[in-house]
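*Asks:* Build me a model:
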Amino acid sequence: MPVKNRFAELLPEISEWRRDLHEHPEILFETHRTSATVAEKLRAFGCDEVVEGLGRTGVVGLIKGKAKGTTIGLRADMDALPIHEATGLEYASKTPGAMHACGHDGHTAMLLGAAKYLAETRQFAGDVLVIFQPAEEGGGGGDEMVKDGILERWNVSEVYGMHNWPGLELGKFAIRPGPFFAAADQFTITLTGKGAHAAKPHDGIDTTVMASHVVIALQSIVARNLDPVKQAVLSVTSFETSSKAHNVIPQSVTLLGTVRTLDPEVQDMVQERLTQVAQTTAQAFGGVADVHYHRGYPVMVNSDEQTEFAADVAKSVSGQCDDAPLVMGGEDFAYFLNARPGAYILVGNGEGASVHHPEYNFNDDAIPAGCSWWTGIVEQRLPLAG
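*Replies:* Below you'll find the model as predicted:
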């Protein structure tokens, strides 16, 4: 089953949907226009059931096949990022400070294209639930939709997801079984010392020096506490003092950062050591460290059987499916895969800016391959008898 001719025919229409979404990006759960557009199209396609307001602003559509069978879930994310677009495209974002810089406009458009085809043909035995999720970019929209009970309500047995990947050959695929995307945690460390005049540092407890040592010491956790054959990333991303004056030693400094891990034991170790290192380093300087550690998205783990199947479908579409690398970014499709077996795949976006970059743009020429993979998942997993 190579790329379906129907999607070559639909490419101008699906591209138009995608570019409309790109012009009107919406962040986190504020996907009101996007969600309404998706629901309107699903109804126009003839979906048997369309439900809005799931996971706050998520949308699902149910498409019944020509015979009875199980239900497969297909999920796309809809939200944009708080980035000012710098592409200069004619369909660039019309919303200052918001941009589809991760290709969720393309994901939504591809799943809409697949839904249109599946509603037209219905060449499968079972049901398909197309899932359009808000707030993947840090809001945990996947968790919200799962908690809303969509998998139980429609008796979903397996779930599949897809993400475009700049640098991977256009229209080709890559996947891996087991842990794929990392757990994404956040931390805030507030260091308190004693403010003083900068000309009299001996009268204070210098939080800038204290915080600088904490930043350096935290790097020893991955370098010296972690088994070298395992993976973790610890990054301090913000260093903010309570004073902006040239001649004031600040009373406090706040550090923000993220921890990425692929193993629950490593995650536990890093959290414990981060707290110890921050507090004991601050104490050594006569100060105090208050540590808040927030566990974010869990590790996204592909099921072995479903990964092999998803790779076979990808090979049938594009002729190959590469072994994907481990990704230390987070992905809240993890919540779906914690609840049901399934798989998440990468589709090549070709050369160009990386995701989360102000010059990134989804490549519309990837649409036929992505749509063909979605429909291949359904038709090959839920084949009609005879």
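*Asks:* So for this structure, the centremost residue is which one?
*Replies:* Centroid check for the chain by C-alpha atoms, centre = their mean gives residue 331 as the closest residue, at 3.4 Å.
*Asks:* Spit out the contact partners of residue 357.
*Replies:* Taking C-beta atoms under 8 Å, 6 or more residues apart in numbering as the criterion, residue 357 is in contact with residue 101. C-betas here are computed from N, CA, C, even on glycine.
*Asks:* Look at it and tell me its secondary structure.
*Replies:* At residue 357, secondary structure determined by DSSP: H, G, I helix; E, B strand; the rest coil is coil.
*Asks:* shouldn't residue 73 be in contact with residue 155?
*Replies:* No: assessed by C-beta atoms under 8 Å, residue 73 is found out of contact with residue 155, at 10.1 Å.
*Asks:* of those two, who's got more company?
*Replies:* The neighbour comparison of residue 73 against residue 155 (other C-beta atoms under 10 Å) goes to residue 73, with 23 against 10.
*Asks:* For that one, which residues count as its bridge partners?
*Replies:* Residue 73 has these beta-bridge partners by DSSP bridges: residue 129, residue 159.
*Asks:* do the one 4 residues further on as well
*Replies:* Applying DSSP bridges to residue 77 gives these bridge partners: residue 133.
*Asks:* Spit out the contact partners of it.
*Replies:* With contact taken as C-beta under 8 Å, 6+ apart, residue 77 is in contact with 104, 107, 108, 132, 133, 134, 136, 137, 141.
*Asks:* do you know how far it is from residue 175?
*Replies:* In this view, residue 77 and residue 175 are 18 Å apart by C-beta to C-beta, to the nearest Å.
*Asks:* Kindly report the same for residue 200.
*Replies:* Going from residue 200 to residue 175 by C-beta to C-beta gives 61 Å.
*Asks:* re earlier: what about the residue nearest to the centre of the chain, distance to residue 119?
*Replies:* Relative to residue 119, residue 331 is positioned 28 Å away (C-beta to C-beta).
*Asks:* for residue 333, same thing?
*Replies:* Residue 333 sits 24 Å away from residue 119, going by C-beta to C-beta.
*Asks:* Please say which of the two ends up with more neighbours.
*Replies:* Applying other C-beta under 10 Å to residue 333 and residue 119 shows that residue 333 carries more neighbours, namely 27 against 19.
*Asks:* Disregarding residues adjacent in the polypeptide, which is nearest to that one?
*Replies:* Among residues not flanking residue 333 along the chain, residue 161 sits closest, at 4.3 Å (C-beta to C-beta, 6 or more residues apart in numbering).
*Asks:* was I right about residue 382 contacting residue 64?
*Replies:* No: using C-beta under 8 Å, residue 382 is not in contact with residue 64, being 10.9 Å away.
*Asks:* hey, where'd the helices end up in the stretch 51-200 of the chain?
*Replies:* Under the criterion DSSP state H, counting those that start in this stretch, helices of the stretch 51-200 of the chain are mapped to 104-121, 141-147, 150-153.
*Asks:* who touches the last one?
*Replies:* The one in question is helix 150-153. By C-beta under 8 Å, 6+ apart, the surrounding residues in contact with helix 150-153 are 54, 55, 58, 60, 73, 129, 131, 156, 159, 336, 339, 340.
*Asks:* what residues are up against the residue nearest to the last one when sequence neighbours are not counted?
*Replies:* When you say that, I think you mean residue 340. Nearest residue to residue 340, sequence neighbours excluded (C-beta to C-beta, 6+ apart): residue 159, at 4.9 Å. Neighbour list for residue 159: 72-75, 131, 151, 333, 336-337, 339-342 [criterion: C-beta under 8 Å, 6+ apart].
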